[in-house]
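>>> For reference, the sequence and a predicted model appear below.
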Amino acid sequence: MNIEDINLKDNLINALTKNESEITPAGSFPATCMTELMEKDGVRFPTGHTDAEQMAKIASSAYRYVGLESMVLPFDLGFEADAIGCDVALTDHDNSSSITHAPFDSVEDFEMPDDYIHNARFPALIEATGILQEEYGDQDIPIVGAMSGPLTVLGQCLGIEGILKKLSKDYYVVEDALDAINDGLIEQIELYNELGMDAIVLYEPNGTPELVAPEIYEQLLIPFHEDLTAATDIPIVLHICGDTNAQIANMMSAGYDGISIADDVDINYAKKVREDIGADTAICGNISTTDTLFMKTPKEVEEDVTEALEKGVDVLLPSCMIAPLSPSQNIRAIVETRNKFFENK
């Protein structure tokens with residue numbers, strides 16, 4: 001097999017849509033914003049969040065410098081809250097953000113703006129996507145649109161602790177707010193479709209079982225997530241951080257083409273749940289970002305990647321966002337190990 005001849009875009013789409021892929025894709029769905037790579041390009045935050053050219057450079061850097069087979073944008077969980085009208089503080093040392101003020105005081109007051117997908121950083125995102133398509137269209141590198149899920153967006157705007165307290169006392173008020181958010185998120189998905197993105201990754205970290213019990217997730221969140229997956233013409237993957245063992249069945253039950261799991265979840269366990277519930281969801285993951293990729297050696301990365309491939313992971317990914325100060329040799333080892341694994345087949 002000549003790996004260099006593989007169409008990486010088709011290869012990822014096939015892996016996510018139950019068609020036969022030539023090789024296990026090796027990418028990164030949570031955005032990759034590594035300090036070492038940004039310094040090579042002379043770009044930095046917070047400008048990289050708002051300037052289309054810098055945004056495109058950051059999104060493509062993991063492909064250009066270490067070979068990861070995806071270009072993911074935007075970069076932070078505050079992107080949607082920004083467009084809703086919250087004040088968002090963007091840091092200058094990494095891709096994180098924080099909400100400093102919301103235009104409403106309570107869940108009861110929550111409402112979505114009519115021009116949601118035209119606000120804040122959406123114009124820069126649209127322009128950056130066009131730049132990536134122009135520069136890399138003939139190289140068939142997947143462009144992945146990132147977005148947050150409804151509970152995460154509401155938590156960003158008003159604080160997840162207060163939302164959970166309100167959920168136990170006034171369930172339907174929270175449900176109404178999530179419904180309003182979902183209308184906007186469907187518009188966002190439709191925009192990603194129109195922009196010609198190749199896949200979507202939806203982050204719902206507030207859906208972790210540590211915050212939301214599986215029975216509440218099933219009752220409250222699955223209907224909203226089903227509406228989101230029904231709105232897309234392209235593959236869509238759900239990512240929830242941490243120990244989601246108790247939530248795997250729910251994650252696979254809302255129509256997602258794939259779920260992105262952390263190293264807290266064993267791939268074999270996720271495969272068993274998939275078989276037990278009769279799902280056909282692609283399992284994506286799960287090389288540790290906080291331990292292996294950030295702290296260990298390329299040899300140890302190779303061991304973890306090989307184990308994931310032997311267990312039959314469908315798409316090889318870091319378990320979450322790659323730490324900005326992670327050494328590039330460790331990230332490059334993901335792709336090199338995958339290549340060696342298939343060359344030896």
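Ah, there it is. Residues are numbered from 1 along each chain as shown.

>>> Which neighbouring residues are in contact with Ala59, exactly?
Taking CB atoms under 8 Å, 6 or more residues apart in numbering, we find Ala59 in contact with Ala31, Met71, Val72, Leu73, Phe75, Ala128, Leu132, Ile143. Just so you know, the C-beta spots here come from the backbone N, C-alpha and C atoms, and that holds for glycine as well.

>>> quick one: which of the residues you listed sit in helices?
Ala128, Leu132 (DSSP state H).

>>> If you rank the contacts of Ala59 by neighbours, which is first?
The most crowded member of these, judged by other CB atoms under 10 Å, is Met71 (29 neighbours).

>>> so what's that one bridging to?
Counting by DSSP bridges, Met71 forms beta bridges with Ile143.

>>> wait, it sits on Gly145?
No - distance between Met71 and Gly145: 10.1 Å, which falls outside the contact criterion (CB atoms under 8 Å).

>>> which one in the contacts of Ala59 is the model shakiest on?
Model confidence across those bottoms out at Ala31, which has 91.

>>> mind pulling up the phi and psi values for that one?
Main-chain torsions, Ala31, degrees, to the nearest 10: phi -50, psi 140.

>>> again, but for Ile99
The phi/psi pair for Ile99 (degrees, to the nearest 10) reads phi -90, psi 120.

>>> Might you report the residue contacts of it?
Gly78, Ala81, Cys86, Asp87, Val88, Ala89, Gln156, Cys157 are the contacts of Ile99 under CB under 8 Å, 6+ apart.

>>> any idea how far it is from Leu154?
Distance, Ile99 to Leu154, using CB to CB, to the nearest Å: 11 Å.

>>> re earlier: now that we have the contacts of Ile99, which one has the most neighbours?
Compared across the contacts of Ile99, Gly78 has the highest neighbour count, 27 neighbours, by other CB under 10 Å.

>>> and the closest residue to Asp94 other than its chain neighbours, what element?
Of all residues not flanking Asp94 in the chain, Pro324 sits nearest, at 4.6 Å (CB to CB, 6 or more residues apart in numbering). Here Pro324, judged by DSSP states H and E, is contained in no helix and no strand.

>>> For Pro324, give me its contacts.
Cys33, Met34, Thr35, His93, Asp94, Asn95.

>>> Going through these, which ones are buried?
Cys33, Met34, Thr35, Asp94, Asn95 (16 or more other CB atoms under 10 Å).

>>> Confirm for me that the third one is in contact with Leu325.
Yes - counting by CB under 8 Å, Thr35 does reach Leu325; the two are 5.6 Å apart.

>>> just the contacts of Pro324 now: which is nearest Gly67?
Using CB to CB, Met34 is the member of the contacts of Pro324 that lies nearest Gly67, at 13.0 Å.

>>> any idea how far Ile13 is from that closest one?
Using CB to CB, Met34 is found at 25 Å from Ile13.

>>> tell me the contacts of Thr229?
Thr229 sits in contact with Ile236, Ala254, Gly255, Tyr256, Asp257, where contact means CB under 8 Å, 6+ apart.

>>> Taking those residues, tell me the two that lie furthest apart.
The widest separation within the contacts of Thr229 (CB to CB) is 10.9 Å, between Ala254 and Asp257.
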